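Peer 1: Sharing a model prediction with you, sequence too.
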Amino acid sequence: KKDCAFLKDLRRHDLVCVGVQELEDLKPRRTPGHRAEAWTKLLDAAFPPKSFAKVADRSAGPVRLSVFQKRKKPFIRVKGCEVADVACGIGNVLRNKGCAAAFLDVEVADDSSKKKTAVRLCVIASHLAAHAHKVKDRNDDYWRICRELLQDAPVAWKGRCADVEGERQTSGRAALLDAADLVLFCGDLNYRLDLPRGEAERGALLGDLEELYDYDQLRREKAAGRAFGGFLEGRVWGFRPTFKFDARSDRYDSSKKLRVPSWTDRVLYTPRPARGGAKRPELELASYDRVDAARSSDHRPVVATFALRPGGRALGPAALRKT
C-alpha cells in the first residue's frame with residue numbers, strides 16, 4: 001500500500017491508464033491469483049468506484065492494463081472500448097512476454113466552444129524480451145504487437161489504414177499508428193545500456209545521465225528505424241535508470257549477475273495523427289519521471305502525464321502509469 005500511495009496523486013486526471021508486468025506466474029488458472037486480487041484491491045482503493053469508472057481491464061498472463069475515467073464532469077469521456085492482447089513468449093504462445101491493450105473511442109470537450117472532438121486512442125502495456133543481447137528479439141516483439149493489434153482493432157479503425165495486414169513500412173512506422181489517432185506504448189521494454197556495469201553505474205550515481213543515454217539501445221534502434229518509428233519520448237535522462245535494484249534498496253544489482261543499470265521502463269507516445277490537418281488532436285507531454293518511493297520491485301515505476309489537445313488548446317489531461 002505504501003509503495004502504491006503515489007497512485008492517489010493521479011486522481012486529478014480525467015483518464016488514468018495503469019500497466020503492470022510480472023503480476024502473476026504462468027501456471028494455468030481458472031481464477032485470478034492472490035497477487036492479481038491484491039492488485040485489484042489496491043487499484044480500487046486508489047481510484048474508488050464512486051469517483052472513477054473502470055472502462056478497461058485486460059490481463060495477458062502476468063501483464064495487465066487497467067483504464068479509469070473520472071466520473072464527475074470529465075473533459076475526456078470514453079464512449080467505446082475494445083481490448084486485446086498479444087503473446088510474445090516461447091513460440092509466440094506463452095504470455096510471459098507480450099502486451100495487453102485497449103482501443104478507446106474517446107470524446108474530448110472544448111469548454112470554450114462547447115464542441116466535442118472524437119479521438120481514437122490506443123493504449124498498450126507491454127513486456128518485451130529480456131537480456132541485454134536480445135535487442136533484435138525486443139524489436140521483433142514490438143513489430144509482432146503492432147501487427148497483431150491491428151488485426152484485433154475495431155473495424156471502423158481499420159478503414160483508414162491502407163495496410164490492414166500491419167506489415168512494416170519502409171519508414172519504420174507501424175501501420176497501427178495509421179489506424180489510431182494517438183498511441184501510448186508503455187511497459188518494461190527491456191532495452192539496456194550498451195556499457196560495462198561499472199561505467200553505467202558510475203554515470204548513474206554521478207548524474208551523468210545524458211551521456212549514458214547515448215548508449216541506450218532503444219534510442220539507437222529507434223534512430224535506425226528498426227523499432228518505434230513515429231513515437232516520441234520525454235527526457236528519460238531526466239531521472240536515473242529504473243533497473244535493476246536490490247530488494248527494498250537504492251543499490252543497483254549486487255548479485256552475481258551484476259546487471260547493468262538501464263532505463264528498461266518507458267512510456268512512448270505519438271503526438272498527433274499522421275493526417276487530418278490543423279484540427280488534428282494532439283498529445284502534449286506534461287511530465288515524465290520515476291517513482292523512487294516505490295521499492296517493492298527490482299524496477300522503479302515510471303509516470304508520464306499528458307494534456308490532450310482537441311485540435312488546438314490543451315484541456316483535459318490524461319495520465320499513464322506503468323510499474
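Peer 2: It's in.
Peer 1: what bits of the stretch 201-323 of the chain have low per-residue confidence?
Peer 2: 276-278, 312-323 (pLDDT under 70).
Peer 1: what about the helices in it?
Peer 2: Along the stretch 201-323 of the chain, the segments classed as helices by DSSP state H, counting those that start in this stretch run 209-213, 217-223.
Peer 1: okay if I get those as a markdown table plus distance to residue 130 and mean neighbour count?
Peer 2: Quick note: C-beta positions are derived from backbone N, CA and C, even for glycine. What follows is these, written out as a markdown table (distance: least, CB to CB, whole Å; neighbours: other CB atoms under 10 Å):
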| stretch | distance to residue 130 | mean neighbour count |
| --- | --- | --- |
| helix 209-213 | 20 | 17 |
| helix 217-223 | 13 | 19 |
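Peer 1: Can you tell me which of those helices is nearest to residue 83?
Peer 2: helix 217-223 (25.8 Å; CB to CB).
Peer 1: In a helix, residue 72, correct?
Peer 2: No. Counting by DSSP: H, G, I helix; E, B strand; the rest coil, residue 72 is not found in a helix; it is coil.
Peer 1: Apart from its neighbours in sequence, what residue is nearest it?
Peer 2: Nearest-residue entry for residue 72: residue 51, 7.1 Å, with adjacent residues in sequence omitted and distances by CB to CB, 6 or more residues apart in numbering.
Peer 1: isn't the one you found right next to residue 13, touching?
Peer 2: No. Here residue 51 does not reach residue 13: they are 11.8 Å apart, not a contact under CB atoms under 8 Å.
Peer 1: Same drill for the two, tell me which one is more crowded.
Peer 2: Of the pair residue 51 and residue 13, residue 13 is the one with more neighbours under other CB atoms under 10 Å, namely 23 against 11.
Peer 1: that older thread, if we compare the helices of the stretch 201-323 of the chain, which one ends up closest to residue 287?
Peer 2: Per CB to CB, nearest to residue 287 of these: helix 209-213, 16.7 Å.
Peer 1: ok, residues contacting that closest one?
Peer 2: Residues outside helix 209-213 that contact it (CB atoms under 8 Å, 6 or more residues apart in numbering): 193, 195, 200, 203-204, 219, 236-241, 263.
Peer 1: let's see it at 7 Å
Peer 2: Contact with helix 209-213 is made by 193, 200, 203-204, 219, 236-237, 240, as judged by CB atoms under 7 Å, 6 or more residues apart in numbering.
Peer 1: Quick check: which element contains the most centrally placed residue in the chain?
Peer 2: Centroid-nearest residue in the chain, with CA atoms, centre = their mean: residue 186, separated by 1.5 Å. Per DSSP states H and E: residue 186 is located in strand 182-188.
Peer 1: Return that strand as CSV; C-alpha atoms alone will do.
Peer 2: Extracted C-alpha coordinates of strand 182-188, given in CSV (Å, rounded to 0.1, in the frame of the first residue of the first chain):
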residue,chain,number,x,y,z
LEU,A,182,-2.9,8.6,-30.9
VAL,A,183,-1.0,5.7,-29.4
LEU,A,184,0.6,5.3,-25.9
PHE,A,185,3.1,2.4,-25.6
CYS,A,186,4.4,1.7,-22.1
GLY,A,187,5.9,-1.1,-20.1
ASP,A,188,9.1,-3.0,-19.3
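Peer 1: could you give me the average pLDDT of it?
Peer 2: Average pLDDT, strand 182-188: 98.
Peer 1: Provide the contact partners of it at residue level.
Peer 2: Counting by CB under 7 Å, 6+ apart, 17, 19, 21, 119, 121-127, 176-177, 231, 264-270, 281, 283, 299, 320, 322 sit against strand 182-188.
Peer 1: Check those for burial and list the buried ones.
Peer 2: With neighbours counted by 16 or more other CB atoms under 10 Å, the contacts of strand 182-188 contain buried members at 17, 19, 21, 119, 121-127, 176-177, 231, 264-270, 281, 283, 299, 320, 322.
Peer 1: Break down the stretch 101-250 of the chain into its strands, ranges please.
Peer 2: 116-127, 182-188, 232-233 (DSSP state E, counting those that start in this stretch).
Peer 1: Just put these in JSON lines and tack on distance to residue 295.
Peer 2: Below are the strands of the stretch 101-250 of the chain laid out as JSON lines (distance: least, CB to CB, whole Å):
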{"stretch": "strand 116-127", "distance to residue 295": "20"}
{"stretch": "strand 182-188", "distance to residue 295": "16"}
{"stretch": "strand 232-233", "distance to residue 295": "24"}
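Peer 1: so which of those strands gets nearest residue 78?
Peer 2: Set against residue 78 and scored by CB to CB, the strands of the stretch 101-250 of the chain come closest in strand 116-127, at 8.8 Å.
Peer 1: then that closest one to CSV, C-alphas only?
Peer 2: Extracted as CSV, the C-alpha positions of strand 116-127 are listed here (Å, rounded to 0.1, in the frame of the first residue of the first chain):
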residue,chain,number,x,y,z
LYS,A,116,-16.5,17.8,-28.8
THR,A,117,-13.8,16.1,-30.7
ALA,A,118,-13.7,12.3,-31.3
VAL,A,119,-10.3,10.7,-30.8
ARG,A,120,-9.2,7.1,-31.3
LEU,A,121,-6.7,6.4,-28.5
CYS,A,122,-4.8,3.1,-28.4
VAL,A,123,-3.1,2.2,-25.1
ILE,A,124,-0.6,-0.6,-24.9
ALA,A,125,1.0,-2.1,-21.7
SER,A,126,3.9,-4.4,-22.7
HIS,A,127,6.7,-6.6,-21.5
